[in-house]
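Chemist: With the sequence up front, the predicted model follows.
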Amino acid sequence: MTNIEILVKDLVKKHGRQRNSLMAVLQGVVQQEKYLSEDAMIVIARELDLSAADVFGTASFYTFLDTVPRGKNIIRVCKTISCHMAGKDEVIKTLENHLKAKVGETTHDGKFTLLTANCLGWCHKGPVMLINNEVFPELTPEKAIDIVEEFSKH
Amino acid sequence: MSKSTVNLKINNIPLSVEEGTTILEAAKHLNFKIPTLCNHDDLSCAGNCRVCVVEVEGQRLLSAACATPVFEGMHVQTNSEKVRSSRKHIIELLLSEHNADCTKCYKNGFCELQTLANEYRAGDQLFIDLVKERDKIIDISSPSIQKDDSKCVHCQRCVRTCEELQGVSALAVVYKGDHQKISTFMNKPLNEVVCTNCGQCVNRCPTGALTERNYIEEVWDAINDPSIHVVVQTAPAVRIALGEDLGFPVGERVTGKMVEALRYIGFDSVLDTDFTADLTIIEEGNELLTRLKKALVDGEKVALPMMTSCSPGWIKFQEHIFPNHLNNLSTCKSPQQMFGALAKTYYAKKKGLDPAKIVSVSIMPCTAKKFECQRPEMRSSGYQDVDYVLTTRELARMIKQAGIDFTKLEDAHYDSILGESTGAAVIFGATGGVMEAALRTAWEVVTGKPVPFDNLNIMPVRGMEGVKAASVKITGTLPEWNFLEGVELNVAIAHGLANARILMNAIEKGEANYHFIEVMACPGGCLGGGGQPIPTNMEIRKKRTEAIYAEDMGMPLRKSHENPEVTQIYEEFLTKPLGHKSHELLHTHYKVRKRY
């Protein structure tokens, strides 16, 4: 059994084989693997007796369930209007330069993927970014680099 | 518990209907037509196109008639000014996302969206054109089905068809918002995914987004090349449905006119797939009896139940979904492919033709046959055995192109050889038909007497139930078959791949003990095939079924083993069923495919 098979089987054991465990299983895989590979979706489809297209359809509906490879840490900078007015463009530009990766890309060492996100609900403290599940409000370009540097140490 | 009655008014006319009835259904009782697009008789309700909106008194918003059940005291207006202008806007909004290149479109004249646009005189172009460049790539990877996302209006009939009728779900809704589209697993081309090529989606697509791959021009080219001898074979289910596209009512049998039309078009020889359907029965019947003998007498381990192999959609379904059961499939090729292999060998020899100069065309109710003829296994003659497959719809189009007034044609007879057939062959077009044909012959082989059913009509295997099961106790066997004396032969029949899956799951779990199973990929069997005239629904399929059985009753011979050309081909060419030549030309093997 491949690692992904073991992971999916464990998740299915925990959440059950019925259709409504699909989301939980997808989230479980993303939590560990950062994205849903073709193989992962095929195994999930087999385990839950769904079609692979159906699994892909569900996964592709959700922004946070990626179906392309992602880095170890996923940075999502809020791109909505409040953060825009508070200077998210500067933050993104700085991060792109610092990471040598454009929005949508992953760094060469595989440590970071830089993405944008729709409103994170922190409009009063923008610009804001999310790294994995952690929120970082009131960013400046310098602050953003410091935070990212901290993550690159782990 | 009986349902209670609900009283309501539609366009000020009172009526009473059963509780749970939708506005759409209720309006039909009064003969008010409410236009629909995403709605389809065979599918669950989606309510996403909004074309069927109506006004319900006291409600601020319009309701989708297909998705709204009636209630006591309801007042519905199906054609108020508000309804008409809203509907027009809805159609225009759908058109703003639709690549309306109507004059170039394959569905021109058959498109439900085009019809609606015409009825409502949509065309003011109130909305911005949203047809996206990225959608303008047409997937022609499949030899059977063509997918053009720029024509798609996201009604999801295809998605529901693939899931509810076929249990395959090769197509799903992917992404969201303005990125939403109907696609496959990881947006792979259709030929790389679990799609069985059944074409049921094509049969239900309201626009030109899903169509069959058509080979009409290739066939005209062959016909117009004087150095080429073009043979054509016609499947059983074509003759009872072709008329629908050419001015006849549903259920009209047009066998003779079809033969005459094919001659007018210019085919050099008009032959019948029914001949090889009869031949299939001889080969497959013997295969079944051989397997039973091995299991019952020799104690050998053989794959039972044996499963029919005529339906290429079913075959590909098994290869993808139940690859552990490929040995259960009969090794017999489908009648189309048996015909193809014989046309370029036996027929060529008898007629003194060079097989390299033969183009073999088949007219099928099926889109999966287009894939089947291109399988690498299907080149037993040394050439591609069947060159082109046209659907019933494509043939209707060729007949129109040829300027033939189909309704006025005389009835003609098939050419010989490979043109003779029996009633047992024609019922291959209906669910349960292959089973019935096989039983008519196998019973007589084993007992020397006709099957003990009135008029040879084996009613327990007929009908529209999704999975049918029947048992026959074998009695009065001839000496060489006495190991079958008293054996209860258990058979099952499924049509529509969702039903096939139910049957396969029961078999996998060991809940069922069948000897022989017939599966046809399409609802109702081939008569409801993906290549048949559009529209389709249960009522239409029932009428086509009646026509198939009427055709059977009208045949002078009704048992495959009585077909004189079948006897002749064994004497002159094949020597014996399951013999060396048969294995070379008439049998095949299957391969495991990926499950997505």
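Modeler: Received the coordinates, thanks.
Chemist: check contacts around B:Ala65.
Modeler: Shown in contact with B:Ala65 (Cβ atoms under 8 Å, 6 or more residues apart in numbering or on different chains): B:22-24, B:27, B:34, B:36, B:52-54, B:76, B:78. C-betas here are computed from N, CA, C, even on glycine.
Chemist: Next up, phi/psi of it, please.
Modeler: phi -60, psi -30 (degrees, to the nearest 10).
Chemist: okay, it: pLDDT?
Modeler: B:Ala65 is assigned 98 on the pLDDT scale.
Chemist: Check B:Ser2 too.
Modeler: In this model, B:Ser2 carries a pLDDT of 65.
Chemist: do B:Lys357 as well
Modeler: Looking at B:Lys357, its pLDDT stands at 98.
Chemist: wait, it sits on B:Val230?
Modeler: No. The pair B:Lys357 / B:Val230 is not scored as a contact, 9.9 Å apart, by Cβ atoms under 8 Å.
Chemist: More neighbours: which of these two?
Modeler: Ranked by neighbour count (other Cβ atoms under 10 Å in any protein chain shown), B:Lys357 and B:Val230 place B:Val230 first, with 24 against 13.
Chemist: Count the residues that sit near residue 73.
Modeler: As the question left the chain open, I've gone with chain A. A count of nearby residues for A:Asn73, using other Cβ under 10 Å, gives 20.
Chemist: You answered for a different chain; I wanted chain B.
Modeler: 11.
Chemist: contacting residues for it?
Modeler: With the criterion set at Cβ under 8 Å, 6+ apart, B:Gly73 makes contact with B:7-8.
Chemist: In strands, which of the contacts of B:Ala65 fall?
Modeler: B:53-54, B:76 (DSSP state E).
Chemist: Can you list phi and psi of B:Leu271 for me?
Modeler: Residue torsions, per degrees, to the nearest 10, at B:Leu271 are phi -120, psi 180.
Chemist: State the distance from the closest residue to it other than its chain neighbours to B:Ile240.
Modeler: Spatial nearest neighbour of B:Leu271, chain neighbours left out: B:Leu418 (4.4 Å); criterion: Cβ to Cβ, 6 or more residues apart in numbering or on different chains. Note on B:Leu418: its distance to B:Ile240, by Cβ to Cβ, to the nearest Å, is 21 Å.
Chemist: that older thread, how about the contacts made by the residue nearest to B:Leu271?
Modeler: B:231, B:233, B:271-272, B:275-276, B:339, B:342-343, B:346-347, B:565.
Chemist: For the stretch 151-300 of chain B, which residues are neighbours of chain A?
Modeler: B:163, B:168-176, B:183-186, B:193-194 (Cβ under 8 Å from any Cβ of the partner chain).
Chemist: all strands of the stretch 201-350 of chain B, in order?
Modeler: B:210-212, B:229-234, B:269-272, B:306-307 (DSSP state E, counting those that start in this stretch).
Chemist: ok, the residue in the stretch 1-150 of chain B positioned nearest to chain A - contacts?
Modeler: Residue nearest to chain A within the stretch 1-150 of chain B (Cβ to the nearest Cβ): B:Lys147, separated by 13.1 Å. Counting by Cβ under 8 Å, 6+ apart, B:Lys147 makes contact with B:138-139, B:190, B:209-210.
Chemist: Brilliant, that's me finished.
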